[in-house]
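In: A structural model of the following input is requested.
(3 chains)
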Amino acid sequence: MADSDQFEISDVLSVEERLAAEALIVDVDGFEGPLDLLLQLSRTQKVDLLKISILHLAQQYLVFVERAKELRIELAADYLVMAAWLAFLKSRLLLPPDPSDGGPSGEELAAHLAFQLQRLEAMRDAAAKLMARDQKGRDFFPRGIPEEVQRKRNVTYRATLLDLMQAYARVRTKDEFRPFVMDREAILSMEQALERMRGMIPYALDWADLSSYLPEGWELDPKKRRSATAATFAASLELVKQGQVELRQGGTFAPIQIKARPSGTSRS
Amino acid sequence: MAETDQKVEHVESLFEAPPLAEQERMVEAVLFASADPVTLADLAARMPHGCEPRAALDLLQKRYEGRGVRVVRVGDAWAIRTAPDLGFLMQKETTETRKLSRAAIETLAIIAYHQPCTRAEIEEIRGVSVSRGTLDQLMELEWIRFGRRRMSPGRPVTYVVTPDFLDHFGLESARDLPGVKELRAAGLLDSRPMPGDGDLGDGDEEQDDLFEDES
Amino acid sequence: MAETDQKVEHVESLFEAPPLAEQERMVEAVLFASADPVTLADLAARMPHGCEPRAALDLLQKRYEGRGVRVVRVGDAWAIRTAPDLGFLMQKETTETRKLSRAAIETLAIIAYHQPCTRAEIEEIRGVSVSRGTLDQLMELEWIRFGRRRMSPGRPVTYVVTPDFLDHFGLESARDLPGVKELRAAGLLDSRPMPGDGDLGDGDEEQDDLFEDES
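Out: Below you'll find the predicted structure:
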């Protein structure tokens, strides 16, 4: 079938048209799909789109695809789908209608393709006309110093200073109560400290001051800080004894630092 | 609400509304103050009771005919814009818009002329798939937005153009798109199904609806 | 430049300058579209050679006498402004007042007392997470804005209150916010004596430090 197509087409197409088709191939990346390509090809017929020969156009397209194949240009699948459809359309247009086939006639299909091409061209023109219009920010301009200061206040939210202070009091109160709920006596037992630290040790991969292990809030009150520091220190000694942590101190009264002992290594 | 309010306003207007010339000044002030188009409803809400912004607008529009700035209509809103022939004075104000790709421009035109328009319809017209980025870019420019979902299987979303689009291209409504009447008369805005394919016909009715909306 | 150019312009103007009425249109368009008041020199630079912006400006100013907007002088530049008697049109709004949500007011309070304050800090103080929407709403109200980024890991953004906030709550500065002690004295804080009561002062100190930044 391909062969007979070739012959037939070389009859129909002028040299000029074939050159045009080749030029189009070079430009294949520039096409926006098969319909765009068909529209471009139709221009070589130099007639109004209303009078275009769809049969002729189908042949032009098939030549294009053949040429692309020869030049080993890989066409996207939708170009090939269109080629198959056009080959089908061509056969419908050339063969006498088969009365047993209830599908649309070749003429109907051709008319639809012509409609699609006209519509695409019409939209191209419309797009060009649209872009040729005067445009805001290029040809005409809005007010440069708008004065719509109060527009935003269409919905005003009511909140008074009292609301604000009450809200703050609310969150502050919540905050202050939290530590005291945990322990009212300002005394941290070693057991409590140990339990706390056991949970934290797996994450203590780097040296950190012992003081950073005090429970939250306890560092503020001197009394509580003292108790918590003593308990935490005692607990850390216990952990050293168990081989879970290492302790170090840079000098007299320097901060005591603590770090988890990597499992499997001996104490240095 | 509109009905009764209007009556009340008319009654009041006999006594209270400022003279039309004064209303014109007010409309002038409000339009000058805003960079965006102001709707009639917004004007009415801001002006004293009994005012008729529409009549004042007509006066104002006439007053600015041929001047350096003009009173233009954008959908159901109004704005003052500089006369296009003076654009050359405004190099300093010119805003560089990213150059739109051919695909984006065509997609925009298709949505404008065929709205509300589904993605499948855009693809059908262009014969090529629409990249996500193209629609995103147009959305970002606020030239298109989602319209109602189509009542066809899959309930696809539709796209429509926005008042910003009209404003940008100096259009009063989508009916004023260049050549829209001729295109419609030529049947080129119909969604015509491929012979032998199921019909896609319901698009048309909705489309007319939307253009009705814009008037 | 001005001296010689001016002479050249005057020579040329005999042949080329557009009619004064046209120059008036130009001045009108430029004053309208410019984002800043425009000086005479600026006008001259934008308009074709031989134009006399001063004369055109005088015409324009006369034309707008008694209208809804006026041509006014701002320093040594010119601008179009709403007529003072119509200022009410820019203010009159449908004021729908809503109460700020509890989350929003608490967040606002925390920012006001602890600014500059990161989102994580707000969450820590409130003990619940702060939704993006809450912060957005406060930003939209222009009661808070972004402060400097914190120099800590992740360089989180901070929030601070704005002059609008101070304005709305009738405060001269955020320092004027009543301290925790005053809140207690006013009965706003639970006055139950608590261990560690003395520490409350710390909060105030910290607050002062933070406000140093902003003043």
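
In: run a quick neighbour tally on A:Leu194.
Out: 17 (other Cβ atoms under 10 Å in any protein chain shown). C-beta coordinates here come from the backbone N, C-alpha and C atoms, glycine included.

In: name the nearest residue to it, ignoring sequence neighbours.
Out: A:Ala235 (4.1 Å; Cβ to Cβ, 6 or more residues apart in numbering or on different chains).

In: wait, isn't the one you found in contact with A:Met190?
Out: Yes - assessed by Cβ atoms under 8 Å, A:Ala235 is found in contact with A:Met190 at 5.4 Å.

In: domains in the chain, by residue range?
Out: You didn't say which chain, so I picked chain A. Split into domains by the TED database, chain A comes to A:18-96+A:106-125, A:190-260.

In: was after chain B, sorry
Out: Split into domains by the TED database, chain B comes to B:20-84, B:102-186.

In: averaged pLDDT, the first one. What do you get?
Out: Here domain B:20-84 scores 93 as its mean pLDDT.

In: now do it: distance from first to last residue.
Out: Domain B:20-84 has an end-to-end distance of 29 Å (Cα to Cα, to the nearest Å).

In: now do the longest one
Out: Between the opening and closing residues of domain B:102-186 we find a distance of 24 Å, counting by Cα to Cα.

In: need the next SSE after the host helix or strand of A:Arg172, C-terminal direction.
Out: Element membership of A:Arg172, judged by DSSP states H and E, is helix A:161-182. Downstream of helix A:161-182, the first helix or strand assigned by DSSP H and E is helix A:190-200.

In: sorry, back to before: the domains of chain B into CSV, with extra columns for distance to chain A and mean neighbour count?
Out: Shown next, in CSV, are the domains of chain B (distance: least, Cβ to the nearest Cβ, whole Å; neighbours: other Cβ atoms under 10 Å in any protein chain shown):
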stretch, distance to chain A, mean neighbour count
domain B:20-84, 4, 19
domain B:102-186, 3, 18
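
In: let me know which of the ones you listed is the nearest to A:Leu93.
Out: Across the domains of chain B, A:Leu93 has its closest neighbour in domain B:102-186 (20.2 Å, Cβ to Cβ).

In: average pLDDT for that closest one?
Out: Here the average pLDDT along domain B:102-186 is 90.

In: and it, how far out from the chain's middle?
Out: 13 Å (Cα atoms, centre = their mean, to the nearest Å).

In: what's the neighbour count on A:Asp125?
Out: When neighbours are counted by other Cβ under 10 Å, A:Asp125 comes out with 14.

In: so what's it up against?
Out: Contacts for A:Asp125 (Cβ atoms under 8 Å, 6 or more residues apart in numbering or on different chains) come out as B:Gly179.

In: how close does it sit to C:Ala174?
Out: 61 Å (Cβ to Cβ, to the nearest Å).

In: ok, back up a step: what sits against the residue nearest to A:Leu194?
Out: Contacts of A:Ala235 (Cβ under 8 Å, 6+ apart): A:190, A:193-194, A:196-197.

In: again with B:Ala55
Out: Here B:Ala55 is in contact with B:20, B:23 (criterion: Cβ under 8 Å, 6+ apart).

In: can you tell me the closest non-neighbouring residue to B:Pro84?
Out: A:Asp134 (4.0 Å).

In: whichever strand or helix holds A:Leu237: which residues count as buried?
Out: Using DSSP H and E, A:Leu237 maps to helix A:222-241. Residues A:224-225, A:227-229, A:231-233, A:235-236, A:238-239 are the ones in helix A:222-241 that count as buried (16 or more other Cβ atoms under 10 Å in any protein chain shown).

In: possible to save the residues you listed as CSV with distance to C:Glu123?
Out: What follows is the buried residues of helix A:222-241, written out as CSV (distance: Cβ to Cβ, whole Å):
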residue, distance to C:Glu123
A:Lys224, 25
A:Arg225, 26
A:Ser227, 29
A:Ala228, 25
A:Thr229, 29
A:Ala231, 30
A:Thr232, 27
A:Phe233, 32
A:Ala235, 30
A:Ser236, 31
A:Glu238, 35
A:Leu239, 32
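
In: which one of those residues is nearest to chain C?
Out: The nearest member of the buried residues of helix A:222-241 to chain C, counting by Cβ to the nearest Cβ, is A:Lys224 at 7.7 Å.

In: correct me, but B:Asp76 touches B:Val38?
Out: No - counting by Cβ under 8 Å, B:Asp76 does not reach B:Val38; the two are 10.2 Å apart.

In: looking at the stretch 1-150 of chain A, which residue is nearest chain B?
Out: A:Leu35 (2.5 Å).

In: looks like that residue contacts B:Gly127 (just checking).
Out: Yes - using Cβ under 8 Å, A:Leu35 is in contact with B:Gly127, at 2.5 Å.

In: so what sits against both of those two?
Out: A:116, A:120.

In: show me where chain B has its strands.
Out: In chain B, the strands defined using DSSP state E lie at B:38-39, B:69-74, B:77-82, B:117-118, B:144-146, B:158-161.

In: check whether the second one comes near chain C.
Out: Yes - residues of strand B:69-74 are located near chain C by Cβ under 8 Å from any Cβ of the partner chain, namely B:Val69.

In: which helices and strands sit right next to that strand?
Out: Other elements packing on strand B:69-74 under the criterion 3 or more Cβ pairs under 8 Å, 6 or more residues apart in numbering or on different chains; DSSP states H and E are helix B:53-63, strand B:77-82, helix B:163-168, helix C:20-33.

In: let's go with 6 Å and repeat that
Out: If contacts are counted by 3 or more Cβ pairs under 6 Å, 6 or more residues apart in numbering or on different chains; DSSP states H and E, strand B:69-74 sits against strand B:77-82, helix C:20-33.

In: do the same with the first one
Out: Judged by 3+ Cβ pairs under 6 Å, 6+ apart, the packing partners of strand B:38-39 are strand B:77-82.

In: mind listing the strands the strand it packs on pairs with, and their directions?
Out: strand B:38-39 (antiparallel), strand B:69-74 (antiparallel) (DSSP bridges).

In: what does it contact?
Out: With Cβ atoms under 6 Å, 6 or more residues apart in numbering or on different chains as the test, strand B:77-82 has contacts from A:140-141, B:31-32, B:37-39, B:57, B:69-72, C:29, C:32-33.

In: could you tell me which residues of the stretch 101-250 of chain A lie near chain B?
Out: Residues of the stretch 101-250 of chain A lying close to chain B by Cβ under 6 Å from any Cβ of the partner chain are A:103-104, A:108-109, A:112, A:115, A:119, A:122-123, A:126-127, A:129-131, A:133-143, A:146-148.

In: and A:Leu71, its phi and psi?
Out: phi -80, psi 10 (degrees, to the nearest 10).

In: go on, the one 5 residues further on?
Out: The phi and psi values for A:Ala76, taken as degrees, to the nearest 10, are phi -70, psi 160.

In: what of the one 3 residues further on?
Out: Backbone torsions for A:Tyr79, taken as degrees, to the nearest 10, come to phi -70, psi -40.

In: that one contacts A:Asp36, doesn't it?
Out: No - judged on Cβ atoms under 6 Å, A:Tyr79 makes no contact with A:Asp36 at a distance of 10.4 Å.
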